[in-house]
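>>> from the sequence below, what's the structure:
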Amino acid sequence: MSASDEKAIRRVVVSALVGATIEWYDFFLYGVVAGIVFSKLYFPGSDPVVSTLLAYTTFAVGFVTRPLGGVIFGHFGDKIGRKSMLIITLMIMGVATFLIGLVPTYAQIGIAAPLLLLLLRIAQGIGLGGEWGGAVLMAYEYAPKGKRGFYASLPQIGLAIGLCMASGVVALLSWLLTDEQFLSWGWRIAFLISGAMVGVGMYIRLHVQETPEFAAVKARNAELRIPFMDMLRRYPGNVLKGMGARYIDGVFFNIFGVFSINYLTGTLKISRTDALLGVMAAAVVMIFFIPFFGRLSDRMGRGKVYMWGSLVTAVSAFPGFWLMTHSGGSVLLVWLAIIIPFGILYASVYGPEAALFCDLFDAKVRYTGISFVYQFSGIFASGITPIIATALLKSGGGQPWQICMYVLFAGVVSAACAWMIGRSASPADAPVAVASR
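Next up, the predicted model:
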């Protein structure tokens, strides 16, 4: 690789990472705040469980609309280019998040408050639906073929940094302010910060070039008229296997990164600041393990790393929740119960995931393919997980073992799909043919 090529890929990776960090910060900030703020200010009720479920329902809506964003931006990303779509998605996410920080409460404007919140959450979902695929594609398609697992894992670090920032900002505000101040106006600061972050991300993304693989597609006039239909026609099996593999990723992340905060504060009576700091610490650790497992997938094979990662990650839910439940109020034990499963083991899934999905499709439908696989599966793998976990916790009398069994089920499904992906031939290196338009 020449010096100019190395400079170009560094610029692309930084652009993808910064943009992904901002997008994930925006998206996860909603999840962090949903159970501790929105359930009280936007969905008031006599039953706190019902209020929490309603708040998590709007959280889930973001996942339901993500496939729409994935299809829309995947379509134009495969026809027009990756770069332009990334600029649009960043703007959509940033504006929606900023406006969430300005929405009046239920006590101020009544039913309009949760409806506005729902509308902005829909916009967030559409924006992120197109963002993830474009960000990982830029790194994947620029990278040398023997290092694609590693380079495609680098934008994935944006998830960890974004979660760390979201948890950290809320934790800092919780520490600086009283509960009354935080619920009254403090939480809004975390959303308003997004406006400044988007400006930085836009500046960086405007200075990158289109990927060589898509440039080759354009040069050959090989763009497809409807990439989505071509994806369904040529890769139906890969779509299903990819969605199945994604299951443990969405379930585990939302159990430990979203639901655990409400579980620790509501059931175990751990302080909000301590719970958020535990998740933030896990996210910091994850930053280093995501590229480690991405590189490992280049050496051992993505299917193998993902398969074993799915099983080990799923099983870790049992000792993780056992340690939380039997921590005796020890904050250090609670943090260990989150950091080891979430910060280390979960990275064995999330690190190789981007390249695993990119390998499933050729360049003409890759943006559409990976966006659809990741975002559509997110409806059942991610969006409804906090709702399921809340219901299972109530069904289990406040004990988390039914939740752990659900996580184990997701891990087995994902491991089986990853095993099938590892056995099948990859279309990623297939030559780009001229297609009829």
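
>>> burial of I111, as a residue count?
I111 has 9 neighbours, counted by other C-beta atoms under 10 Å. Yep, even glycine has a C-beta here, placed from its N, CA and C like the rest.

>>> ok, now I248?
Applying other C-beta under 10 Å, I find that I248 has 31 neighbouring residues.

>>> which secondary structure element contains it?
helix 236-254 (DSSP states H and E).

>>> show me which residues of that helix are buried.
For helix 236-254, the neighbour count (16 or more other C-beta atoms under 10 Å) marks 238-239, 241-254 as buried.

>>> which elements pack onto that helix?
If you count contacts as 3 or more C-beta pairs under 8 Å, 6 or more residues apart in numbering; DSSP states H and E, helix 236-254 packs onto helix 302-315, helix 347-358, helix 366-378, helix 385-395, helix 401-423.

>>> tell me what angle the shortest one forms with helix 366-378.
Pointing back at helix 385-395 there. Interaxial angle of helix 385-395 relative to helix 366-378 (axes from the mean of the first three to the mean of the last three C-alpha atoms, to 10 degrees): 20 degrees.

>>> other SSEs contacting helix 385-395?
helix 48-79, helix 236-254, helix 260-266, helix 401-423.

>>> turn those helices into a markdown table, including mean pLDDT and distance to P319.
Shown next, in a markdown table, are the helices and strands packed on helix 385-395 (pLDDT from 0 to 100; distance: least, C-beta to C-beta, whole Å):
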| stretch | mean pLDDT | distance to P319 |
| --- | --- | --- |
| helix 48-79 | 77 | 25 |
| helix 236-254 | 94 | 14 |
| helix 260-266 | 84 | 14 |
| helix 401-423 | 95 | 9 |
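
>>> dump those helices to a markdown table, plus distance to F342.
Listed next are these as a markdown table, based on distance: least, C-beta to C-beta, whole Å:
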| stretch | distance to F342 |
| --- | --- |
| helix 48-79 | 18 |
| helix 236-254 | 8 |
| helix 260-266 | 8 |
| helix 401-423 | 12 |
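
>>> of the ones you listed, which is nearest M286?
Distance to M286, taken as C-beta to C-beta, is lowest for helix 236-254 among these, at 10.1 Å.

>>> tell me how far the closest one lies from the chain's centre.
12 Å (C-alpha atoms, centre = their mean, to the nearest Å).

>>> stretch 237-257 too?
With C-alpha atoms, centre = their mean as the basis, stretch 237-257 stands 11 Å off its chain's centre.

>>> now swap in stretch 212-224 and tell me
With C-alpha atoms, centre = their mean as the basis, stretch 212-224 stands 29 Å off its chain's centre.

>>> cool, stretch 251-270 as well?
Taking C-alpha atoms, centre = their mean, the mean C-alpha location of stretch 251-270 is offset from the chain mean by 17 Å.

>>> please identify the buried residues of that stretch?
251-266, 268, 270.

>>> now do the same end-to-end measure for that stretch.
Terminal residues of stretch 251-270 are spaced 23 Å apart (C-alpha to C-alpha, to the nearest Å).

>>> so the worst-scoring helix or strand of the chain on mean pLDDT versus helix 366-378, what angle?
Of all helical and strand segments in the chain, the minimum by mean pLDDT, DSSP states H and E falls on helix 212-219, at a mean of 75. Orientation check (the same axes, to 10 degrees): helix 212-219 against helix 366-378 gives 120 degrees.

>>> downstream of helix 212-219, the next helix or strand is which one?
Per DSSP H and E, helix 212-219 leads on to helix 227-234 as the next helix or strand towards the C-terminus.

>>> contacts for that following helix, please.
Helix 227-234 has contacts (C-beta atoms under 8 Å, 6 or more residues apart in numbering) with 71, 74-75, 78-79, 224, 239, 361, 364-365, 367-369, 372, 435.

>>> just the helices in the stretch 101-250 of the chain please.
Assigned by DSSP state H, counting those that start in this stretch, the stretch 101-250 of the chain shows helices spanning 106-109, 112-142, 148-153, 157-176, 179-181, 187-192, 194-205, 212-219, 227-234, 236-254.

>>> so which of the ones you listed has the densest surroundings on average?
Across the helices of the stretch 101-250 of the chain, averaging neighbours per residue (mean count of other C-beta atoms under 10 Å) puts helix 148-153 on top, at a mean of 28.

>>> elements contacting it?
Here helix 148-153 touches helix 112-142, helix 272-300, helix 347-358, going by 3+ C-beta pairs under 8 Å, 6+ apart.

>>> please enumerate residues in contact with it?
Here helix 148-153 makes contact (C-beta under 8 Å, 6+ apart) with 9, 13, 136, 139-140, 142-143, 290-291, 293-298, 302, 351-352, 354-355, 358-359, 428.
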